[in-house]
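Novice: just a sequence and a predicted model for now, questions to come.
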Amino acid sequence: MSKLKLGVLVSLGHDPEIELKKVRDLGLGSCQIACWDGKLFTDENARKVTAAAEKYDVEVTTIWTGYSGPATWNFTEGPATIGMVPPEYRTQRTADLKKGADFAKACGVPSITTHAGFIPENPNDPLYKPTIAALREVAQHCKILGIEFWFETGQETPITLRRAMKDIGTDNLGINLDPANLLMYGKANPVDALDIIGPFVKGVHAKDGEYPCGDDPDRLGGEKALGEGSVNFPLLVPKLKSFGFTGALTIEREIGGDQQIVDIKRAMGILEPLC
């Protein structure tokens, strides 16, 4: 069995070459590119991404596509601000994600990824069907382009995500598993979650974290350096492989500065024997 690819999450920024060089300087050959500013989805930047990926021999597995409007990462304001669920932002965000898909296509990248939001667990909730319709519109646009649409785990339980994918109904859907998010949002143990979503995982954020604190139930659990949280990577990675996963483990560390590089290198040391 071939080894899994190991990569890192980088930002599109204003100079894609700098970001892709960071990947190669770490000795990695894979990355995801994240962008929350749709103004950066230009033909010029697409050419720069393509050229830099070739120059540094880095495979870009997905464009992590953000959207306009507010997004508050907690349990109190999050349901009304994150993703495609809030009605007042849905139309614009549908357009935002389509623009991200056009950019991915121009870069030769095979997918986009995003947080769909707090998809209602109750399929009879009045927010559910319009959310599914908007997500289907994005997925169909991706399908026309010949790319996939991946859901980042986080705000929804695994079974809710599977139901949403079934109801969207296109054949180009996948999951970008962020095991730390499943913990931080209190939605699932990521190893157990694979029993529901394992066959649909196309990408992974190698990120660590903790469950929310019961003494402060309005806040998410904390993100941690890989190896310091509660994600059991020695169990998670082999179980992923058992479902036929052959994609990339993309390290994500939600801090900046020198410590981020230290933590990324430590994560590489933990993950490489598991690949």
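Specialist: Perfect, thanks for sending it. In this text the structure is predicted, and so the values were computed from the model without any measurement. Residues are numbered from 1 along each chain as shown.
Novice: mind listing the helices for the stretch 101-250 of the chain?
Specialist: With helices called from DSSP state H, counting those that start in this stretch, the stretch 101-250 of the chain shows them at 128-145, 158-168, 179-184, 190-197, 233-242.
Novice: for Lys48, which of these is the nearest?
Specialist: Nearest to Lys48 among these is helix 128-145; the distance by CB to CB comes to 19.9 Å. Heads up, the C-betas are built off the backbone N, CA and C, glycines and all.
Novice: residues contacting that closest one, please?
Specialist: 84-85, 87, 90-91, 93-94, 97-98, 101-102, 104-105, 111-112, 116-117, 119-120, 122, 148-149, 164, 167-173 (CB atoms under 8 Å, 6 or more residues apart in numbering).
Novice: kindly recompute the last result at 6 Å.
Specialist: Residues external to helix 128-145 that are found in contact with it (CB atoms under 6 Å, 6 or more residues apart in numbering): 84-85, 90, 94, 97-98, 101, 105, 120, 149, 167-168, 170, 172.
Novice: cool, stretch 211-230 as well?
Specialist: 74-76, 180, 183-184, 186, 208-210, 254, 263, 267, 270.
Novice: show me which of these are buried.
Specialist: The neighbour-count test (16 or more other CB atoms under 10 Å) applied to these identifies Phe75, Ala180, Leu183, Met184, Asp208, Gly209, Glu210, Asp263, Ala267, Ile270 as buried.
Novice: can I get those in JSON lines with distance to Leu249 and pLDDT?
Specialist: Rendered in JSON lines, the data for these read as follows (distance: CB to CB, whole Å; pLDDT from 0 to 100):
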{"residue": "Phe75", "distance to Leu249": "28", "pLDDT": "96"}
{"residue": "Ala180", "distance to Leu249": "13", "pLDDT": "98"}
{"residue": "Leu183", "distance to Leu249": "17", "pLDDT": "98"}
{"residue": "Met184", "distance to Leu249": "18", "pLDDT": "98"}
{"residue": "Asp208", "distance to Leu249": "12", "pLDDT": "98"}
{"residue": "Gly209", "distance to Leu249": "16", "pLDDT": "98"}
{"residue": "Glu210", "distance to Leu249": "20", "pLDDT": "98"}
{"residue": "Asp263", "distance to Leu249": "15", "pLDDT": "98"}
{"residue": "Ala267", "distance to Leu249": "9", "pLDDT": "98"}
{"residue": "Ile270", "distance to Leu249": "10", "pLDDT": "98"}
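Novice: any chance you could map the strands in the protein?
Specialist: Secondary structure of the chain by DSSP state E: the strands cover 5-11, 30-35, 59-65, 111-114, 148-152, 173-177, 201-206, 208-209, 223-224, 248-251.
Novice: is it possible to get CSV of those strands that adds distance to Pro217?
Specialist: Converted to CSV, these look like this (distance: least, CB to CB, whole Å):
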stretch, distance to Pro217
strand 5-11, 28
strand 30-35, 28
strand 59-65, 28
strand 111-114, 26
strand 148-152, 23
strand 173-177, 25
strand 201-206, 24
strand 208-209, 16
strand 223-224, 18
strand 248-251, 29
